[in-house]
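this one's structure only:
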């Protein structure tokens, strides 16, 4: 089962999404490989943005993904997109530097 599907199922079954998100963050932090952590945080950010609508948590996950593994430019683009939607152009510019 793909990571995204697994996480979505956990969120669907959960009564408290915040606890599930915190568990997922802990699981991501427990991974040894920064590249794998980055992928997990990217997916977590996407789910926070799309499924839960927690944009602040999504932004934190995207930024964490990019800081862990700077080659993960997809995480950076996702963060820039959210900042742009929120009208925070100064952050869009800062992340573009």
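Sure, I can see it. Predicted, not measured: the structure shown is a model, and the values here were computed from it.

residue ranges with poor pLDDT in this structure?
By pLDDT under 70, the weakly predicted segments of the chain are 1, 3, 92-93, 95-97.

Mind listing residues that contact the longest helix that the chain contains?
Using DSSP state H, we find that the single longest helix of the chain is helix 34-50. Applying Cβ atoms under 8 Å, 6 or more residues apart in numbering, the contact partners of helix 34-50 are 3-4, 7-8, 11, 21, 24-25, 27-29, 31, 54-55, 57-62, 64-66, 68-69, 71-72, 74-75, 78-79, 82. To be clear about C-beta, it is placed using only N, CA and C from the backbone, and glycine gets the same treatment.

Helices of the chain, residue ranges please.
For the chain, the helices defined by DSSP H occupy 3-13, 17-30, 34-50, 55-68, 73-85, 89-96.

Make TSV out of these and add mean neighbour count.
Compiled in TSV, these are given as follows (neighbours: other Cβ atoms under 10 Å):
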stretch	mean neighbour count
helix 3-13	13
helix 17-30	15
helix 34-50	20
helix 55-68	20
helix 73-85	17
helix 89-96	12
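
Closest to the centroid, which residue in the protein?
In the chain, the centroid-proximal residue (Cα atoms, centre = their mean) is residue 45; its distance is 1.9 Å.

ok, now how distant is the residue nearest to that residue when sequence neighbours are not counted from residue 25?
Here the nearest residue to residue 45 in space, its sequence neighbours aside, is residue 61; by Cβ to Cβ, 6 or more residues apart in numbering that works out to 3.4 Å. From residue 61 over to residue 25 the distance is 8 Å, taken as Cβ to Cβ, to the nearest Å.

No further queries at this time; thank you.
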